[in-house]
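*Asks:* For reference, the sequence and a predicted model appear below.
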Amino acid sequence: MKTKFIIPFLTITLLFSNSVNSNTPTNNDPEKDRIIVYVLKNILSRYHYVQKDLNDDFSEHVYNTFIDGLDPSKRYFTQADLKEFSQYKYEIDNQLKESNIDFYKLVYSRFLEKLTTAKKNYRSLLAQPFNYKKNEVIDIDYEKVPFAKNETELIDYWRKQLKLSVLSNIEDAEAQQNEKAKTDKNVKKKSFKELEVEARKKVLKNMDDLYMRIGELENSDWYSTFLNSIVSGFDPHTTYMSPRIKTRFDQEMSGKLEGIGARLQKKGIYTHIVELISGGPAWKQGELEADDIILEVAQGDEEPLDIVGMRLDDAIKFIKGKKGTEVRLTVKKKIDGSIKVVPIIRDVVELEETFVKSSIVEKNGKKYGIINLPRFYIDFNDLSRRDAAKDMEQEIERLKSENVEGLIVDLRDNGGGSLKTAIEIGGLFIKKGPIVQVKYRDEEPLVKNDTDPKMQWDGPLVVMVNEFSASASEIFAAAMQDYKRGVIIGGKQTYGKGTVQNVLPINRFYEQYPNDLGALKMTIQKFYRINGGSTQIEGVYSDISLPSRYSYMDFGERDLDGALPWDKVKQAKYTTTNSYRNFADVVYNSQQRVTNDEKFKEINNYAKWLKKNQDERVYSLNYDTFKKESETKTKEAEKFKDIFKYDSNLTFNSPKYELDLFKKDTVLKEKRTVWHKNLQKDIYMNEALNVLSELKMNGDYNAIVKH
C-alpha cells in the first residue's frame, strides 16, 4: 500500500517549550537547502491530499507568504524592495521545479541588511521624546497597510510604532501610580516628563532584547520560513519542521523527553531555570531552584563548557542527553549568588500537564467524575508506552471503583493528536462499530472501527468542548453525538479541522545525505463523521451552546487561507444507542437555564464588546486623545471585570489513588489544588454537571435504532 510508512495523527497547534535539543547545523549549507526543496516538491506531488499545480498562482502565494513571514508589520521592506523582488513573483514555480532558490537568497540577504538598519533606526528614534501633541493616528491592521514607499516613509512607520509603544507604557505607568495613591497618600507622583523618559528606556530595552533573540536565529531558521511558504500553498496544516522543531513536536506528542527535567529561559546573556518538572531528575536531586543561572555545562568528568551568551537551543543541546548519563551544571544560586557545581543523572521526564487527570465531585447527593484530556497523546517511537487511550481506560476504571454515577470528558482547548487514540477512546463508550471515516486523495473512504465489544463506561456522559477543540477532539465528540451516546456542550461549534497529517522524515527520501534534513508534516487524508459529513470548516455543533468570550471572534479553520472545503461522503453503517430516555428534555432545560441566566447574558455581551474592540485597529498618537480613548475602553471594561467571577459551592477532590502520590509529590498536590479551585469557579463545568445530573438512562440500554 502506498501509505504503509505513515502513522496518522491530527493536531491543530504545536505547543513548544524551550527545553528542546537543537540539531540544526550552524553553517549555511546551499546543497542541503536545494536538496530539501527537491524532496519536498516530490513528496507533496505524490502524497498530499490535494493535487496542486506549480503554476503562477502558486508562485504568487509563495512570494506573498514568504515576504509577509519575514515582515508582517511592514518594518523592513519598501515598495522599492518589492519592485526588485517582483521579478520572481511568477517565476518561483519554475525555480522550484529546478530546485533553484534564487528568490529566497535575494529576499533573505536584503532582510539581513534591513535588520542592521532597523537597529540603528529604533535606537535613534528612541533617543529623544516624540511629539505627543501632534494629531496623527496609526493603523495596526498590517494586512491592509501598504509597504512604505521609500526609506523615509519606512522610518516614519517605525516612529509611529515606537511612539504607540511609548504611549502605552506611559499610560500604564500613570494608571499604576494613581492606583497606589488611592491607598498611600505619601506616594510622590512622577511628572509626565519623568514617566516619558522611563517609558522610552523600557521600550528600548524591549527592542534590544527582541533583536538579541533575532540575532541568535540562523539561516536555517529563516529558510524554514521560506519552506513553509512553499508547503502552505497546499493547505495551512502542511508544514516543514526543522530537526529542532521535529524534536519539540515528538516531545509534545509523547509527553516525555530525556534530560534533567527543567524548563529554561534566556534572559539577556544568561540561561535561567524557570521551573523544575515535578518528578524529574533535577527535582529529585534537590539542589536546583527556579531562577538559578546556569553558567557552565560538563558531560560527566569532561571539561565544562561556558554557555554564557550562547543561543538557548544550543545550550539546551548540551544540557539534555540520554537516560543514565551524567551532566554537571555550574550554577549561580539565586539566594546568595554563590557558585555551585550540581551533578545530575539524566532520565526520562514525563510532562504531567500532557496527561489525563480526573476529579470527583458530589452534586445533589450523587458522585460524578470529571476527566480532563489535554491532548490525544502517543509516543510514535514506542507504541507500547502510555498513551491517551490506555490512560483514559485506566482513569475510567479508577472512577468506577469510587462509584461515580456520571462522567464528564473535558476536551476544551484540546487541539488534537493521535488518530489511533481518538478511535480507541471512542470505543470505550460504545460496544463496537465505526468511529470515523478517513479518505485519501482520489480513493473511497475507509471506515475506522472500534472492534472491542467491551464498554469501559456505559453510564451518563457529557462531553465539554470549545472553539479550540480540534481534530481528534472533533472525531470523538462527533462520534458520541452521532451515536447519541453523550451530550455535547460548549461553544457554538468546534474549531473545524477535518484533516489528517503525517510526519515524514525527509532523509527517508534522500538517504545519501549524512545530516538530518528535518521532516514534513503533510495533509494526506480528510476525515468524516460516521454520518458522512465532514468536520472540516463546520466543526461539531454543540447540542447545548454556551456563550463564551470567543463567540463572535474570527478564528477557526474557516478563517484560514487555503483551508480545504467542507464536503461529505456516504454514511457508514452504524447503530445509534438509545441511551437516554430524556435526552431532548435535558437539552431543552439547559438551553432555558442558559438563556435566562444573567451571568451567561453578561458573558454574551462581553463577547460582543471583545469583537468590537478586535475590529478597531486605528489608534490616536496624540497623547490626550490616546488617553481619553483608553479611559473610555477602561470604563467599558470595568463593566465586565467580574464577568467570570463565579462560585458553584461544589467541592472537587482527587481520586483516592492520587492521595498516596501527594505524600511524595507536593508539587503535584499543589497543581491539583489549583485545578480543583478553578473547577469550583467554572460556570461552564457547573452547567455540564447540571446536564449530567438530569440525564436518565433507558432501562433497556441495549435497545438500538438502526440506520
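*Replies:* Now that the structure is in, tell me what you want to look at.

*Asks:* Could you point out the helix or strand that follows the strand ranked longest in the chain?
*Replies:* Taking DSSP state E as the criterion, the chain has its longest strand at strand 519-528. Using DSSP states H and E, the helix or strand that follows strand 519-528 in sequence is strand 544-545.

*Asks:* Distance from that following strand to the middle of the chain?
*Replies:* 24 Å (CA atoms, centre = their mean, to the nearest Å).

*Asks:* Which other helices and strands does the longest strand of the chain contact?
*Replies:* On a contact count with 3 or more CB pairs under 8 Å, 6 or more residues apart in numbering; DSSP states H and E, strand 519-528 meets strand 8-11, helix 30-47, strand 239-241, strand 433-439, strand 499-505. In short, each C-beta sits where N, CA and C put it, glycine included.

*Asks:* Quick one: low-confidence residue ranges for the stretch 551-700 of the chain.
*Replies:* 700 (pLDDT under 70).

*Asks:* any idea of the angle the longest strand of the chain forms with helix 30-47?
*Replies:* For strand 519-528 against helix 30-47, the angle by axes from the mean of the first three to the mean of the last three CA atoms, to 10 degrees is 20 degrees.

*Asks:* Report the angle between strand 519-528 and strand 499-505.
*Replies:* Using the same axes, to 10 degrees, strand 519-528 lies at 160 degrees relative to strand 499-505.

*Asks:* who wins for proximity to Tyr541 among the helices and strands packed on strand 519-528?
*Replies:* Across the helices and strands packed on strand 519-528, Tyr541 has its closest neighbour in strand 433-439 (17.1 Å, CB to CB).

*Asks:* okay, now Val37: neighbour count?
*Replies:* 22 (other CB atoms under 10 Å).

*Asks:* Excluding sequence neighbours, find me the nearest residue to Tyr157.
*Replies:* Ala148 (5.4 Å; CB to CB, 6 or more residues apart in numbering).

*Asks:* what do you get for Gln481?
*Replies:* Ile488 (5.2 Å).

*Asks:* ok so the one you found is a helix residue?
*Replies:* No: with DSSP: H, G, I helix; E, B strand; the rest coil as the criterion, Ile488 is strand rather than part of a helix.

*Asks:* Hmm, Val465 and it touching each other?
*Replies:* Yes: shown here, Ile488 and Val465 form a contact pair, counting by CB atoms under 8 Å, at 6.2 Å.

*Asks:* related to what we said a few turns ago, can you give the distance of the longest strand of the chain from its chain's centre?
*Replies:* Worked out by CA atoms, centre = their mean, strand 519-528 lies 18 Å from the chain centre.

*Asks:* Kindly state the beta-bridge partners for the residue nearest to Gln481.
*Replies:* Beta-bridge partners recorded for Ile488 (DSSP bridges): Val463.

*Asks:* dump the residue contacts of it.
*Replies:* By CB atoms under 8 Å, 6 or more residues apart in numbering, the residues touching Ile488 are 463, 465, 477, 480-481, 540, 542-544.

*Asks:* got it, and Phe85?
*Replies:* 63, 67, 77, 103, 106-107, 110.

*Asks:* run the last query once more with 10 Å
*Replies:* With contact set as CB atoms under 10 Å, 6 or more residues apart in numbering, Phe85 has these partners: 63, 66-67, 77, 103, 106-107, 110.

*Asks:* what does Glu296 give?
*Replies:* 303-308, 318, 328-331, 339, 341.

*Asks:* what does Leu162 give?
*Replies:* Contacts of Leu162 (CB under 10 Å, 6+ apart): 121-122, 125-126, 130, 200, 203-204, 207.

*Asks:* if you look at those residues, which of them are in strands?
*Replies:* If you go by DSSP E, the contacts of Leu162 have nothing in strands.

*Asks:* so which of the residues you listed comes closest to Glu218?
*Replies:* Out of the contacts of Leu162, the member with the shortest distance to Glu218 (by CB to CB) is Met207, at 21.0 Å.

*Asks:* Lys119 is in contact with the closest one, correct?
*Replies:* Yes: using CB atoms under 10 Å, Met207 is in contact with Lys119, at 8.2 Å.

*Asks:* Compare neighbour counts for these two and give me the winner.
*Replies:* Met207 (18 against 15).

*Asks:* coming back round to it: quick check: of the contacts of Phe85, which has the highest neighbour count?
*Replies:* Phe66 (25 neighbours).

*Asks:* quick one on the thing from earlier: for the contacts of Leu162, give me JSON lines that also has pLDDT.
*Replies:* Formatted as JSON lines, the contacts of Leu162 follow (pLDDT from 0 to 100):
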{"residue": "Asn121", "pLDDT": "95"}
{"residue": "Tyr122", "pLDDT": "96"}
{"residue": "Leu125", "pLDDT": "97"}
{"residue": "Leu126", "pLDDT": "97"}
{"residue": "Phe130", "pLDDT": "97"}
{"residue": "Arg200", "pLDDT": "96"}
{"residue": "Val203", "pLDDT": "95"}
{"residue": "Leu204", "pLDDT": "96"}
{"residue": "Met207", "pLDDT": "93"}
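
*Asks:* In helices, which of these appear?
*Replies:* 121-122, 125, 200, 203-204, 207 (DSSP state H).

*Asks:* Could you pull up phi and psi at Gly300?
*Replies:* phi 60, psi -120 (degrees, to the nearest 10).

*Asks:* show me the residues around it that make contact.
*Replies:* 321, 325-328, 343, 345.

*Asks:* 8 Å instead?
*Replies:* Listed by CB under 8 Å, 6+ apart, the contact set of Gly300 reads 325-328.

*Asks:* Pick out whichever of these sits closest to Arg558.
*Replies:* Among the contacts of Gly300, and counting by CB to CB, the member closest to Arg558 is Val327, at 47.2 Å.

*Asks:* helix or strand for the nearest residue to the closest one once chain neighbours are set aside, which one?
*Replies:* Distances taken as CB to CB, 6+ apart place Ile344 nearest to Val327, at 5.6 Å, with adjacent residues excluded. Using DSSP H and E, Ile344 maps to strand 339-345.

*Asks:* List the neighbouring strands of that strand plus their orientation.
*Replies:* strand 326-332 (antiparallel).

*Asks:* what sits up against the partner strand?
*Replies:* Contacts for strand 326-332 (CB under 8 Å, 6+ apart): 260, 273, 288, 292-300, 304, 318-319, 321, 338-346.
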